[in-house]
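J.: need a 3D model of the sequence below.
(one chain, ligands or ions: 1)
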Amino acid sequence: MLNIALPKGRLGEKVYTMFENAGYDCPSIKETNRKLIFENEKKEIRFFWVKPSDVSIYVERGAADIGVAGKDILLENKPNIYELLDLNIGRCRMCVAAKKDFRDEYIKVLKVATKFTNITADYYSKLGRDIDIIKLNGSIELAPILGLSDVIVDIVETGSTLKENDLEVKTTILPISARLIANKAAFKFKSDEIEKIIRAMKVQVENID
Ligand code: PRP
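T.: Here you go, the predicted model:
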């Protein structure tokens with residue numbers, strides 16, 4: 001049995017469809033209930049829904065053999081896993097954003113609100129810029145509006161959250177997309193099954209326009 005951790009939510013549904021089209025279907029997953037684990041005994045696979053930011057924890061510790069996590073989570077948490085394939089979905093970018101009239105004049109410590117404290121610290125340390133990180137857990141866009149921070153480091157997908165709150169992107173730090181990841185021991189001991197999935201998923205990635 002191969003255990004697969006899927007990120008709960010819209011991205012996870014897209015990911016499941018890729019698995020389904022790749023031949024790893026598990027019809028019971030489409031039943032609307034609160035179940036978290038779904039098995040296809042014949043195909044020897046078991047899917048489970050995990051909070052997106054927890055997928056890499058399940059995979060790193062071997063509770064899941066493989067899973068799908070955003071590159072943002074991988075860069076932020078630096079789990080000890082193998083990154084197997086860029087699935088080219090869940091595409092967005094990590095950005096510095098601020099109020100339209102904000103200019104960093106490098107006079108004082110920059111106050112940065114974010115969920116991604118490690119990515120933020122790495123980015124500004126490379127620039128040699130002193131910052132004060134304010135860790136938030138959501139609605140990051142509020143911080144510069146209310147004067148809690150000068151800028152934010154956050155994910156921008158369509159850009160509409162920034163736009164509707166009169167903020168704008170100042171710098172793009174990195175592009176983000178969903179990655180297929182594997183537990184290191186599972187990759188060794190279940191290599192045939194995992195290699196087969198990588199090949200099948202690669203075909204799906206090529207079919208994404
Ligand atoms: C994410 C991110 C932005 C928004 C960007 O928030 O933190 O707020 O999506 O998307 P957009 O560019 O398409 O508007 P999420 O919905 O995960 O909620 P959060 O506020 O709890 O972080």
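
J.: the residue nearest to residue 114 when sequence neighbours are not counted bridge partners, please.
T.: Excluding its sequence neighbours, the residue lying closest to residue 114 (C-beta to C-beta, 6 or more residues apart in numbering) is residue 153, at 4.1 Å. Just so you know, the C-beta spots here come from the backbone N, C-alpha and C atoms, and that holds for glycine as well. In this entry, residue 153 is beta-bridged to residue 96, residue 114, by DSSP bridges.

J.: neighbours of residue 153, just the number please.
T.: Neighbourhood size, residue 153 [other C-beta atoms under 10 Å]: 25.

J.: how far does stretch 74-86 stretch from start to finish?
T.: For stretch 74-86, the first and last residues are 12 Å from each other (C-alpha to C-alpha, to the nearest Å).

J.: with adjacent residues omitted, what lies nearest to residue 207?
T.: residue 21 (7.8 Å).

J.: which pLDDT value belongs to that neighbour?
T.: In this model, residue 21 is scored at 96, pLDDT.

J.: wait, it sits on residue 201?
T.: No - using C-beta atoms under 8 Å, residue 21 makes no contact with residue 201, being 9.5 Å away.

J.: higher neighbour count, these two?
T.: Using other C-beta under 10 Å, the more surrounded residue of residue 21 and residue 201 is residue 201, with 22 against 14.

J.: residues contacting that one?
T.: Taking C-beta atoms under 8 Å, 6 or more residues apart in numbering, we find residue 201 in contact with 18-19, 22, 85, 87, 180.

J.: one more time with 10 Å
T.: Each residue near residue 201 by C-beta atoms under 10 Å, 6 or more residues apart in numbering is listed here: 15, 18-19, 21-22, 24, 66, 68, 84-85, 87, 180.

J.: ok, residue 194 next?
T.: 2, 65-66, 82, 84, 180, 182-183, 186-188.

J.: correct me if wrong: the residue nearest to residue 207 contacts residue 206.
T.: No - counting by C-beta atoms under 10 Å, residue 21 sits too far from residue 206 to count as a contact (11.8 Å).

J.: for the protein, what lies in contact range of the ligand?
T.: Counting by C-beta under 6 Å from any ligand atom, the chain comes close to the ligand at 138-141, 154-161.

J.: inside strands: which ones of those?
T.: Judged by DSSP state E, strands contain the following of these: 154-156.

J.: would you turn those residues into TSV with distance to residue 109, neighbour count and pLDDT?
T.: Listed next are those as TSV, based on distance: C-beta to C-beta, whole Å; neighbours: other C-beta atoms under 10 Å; pLDDT from 0 to 100:
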residue	distance to residue 109	neighbour count	pLDDT
154	20	27	98
155	24	17	97
156	24	20	98
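
J.: relative to residue 32, which of the residues you listed is nearest.
T.: Distance to residue 32, by C-beta to C-beta, is smallest for residue 155 among those, at 27.8 Å.

J.: shouldn't the closest one be in contact with residue 75?
T.: No - between residue 155 and residue 75 there is no contact under C-beta under 10 Å: 11.7 Å.

J.: what do those two both touch?
T.: Counting by C-beta under 10 Å, 6+ apart, the residues touching both residue 155 and residue 75 are 94, 116, 176.

J.: all set, thanks.
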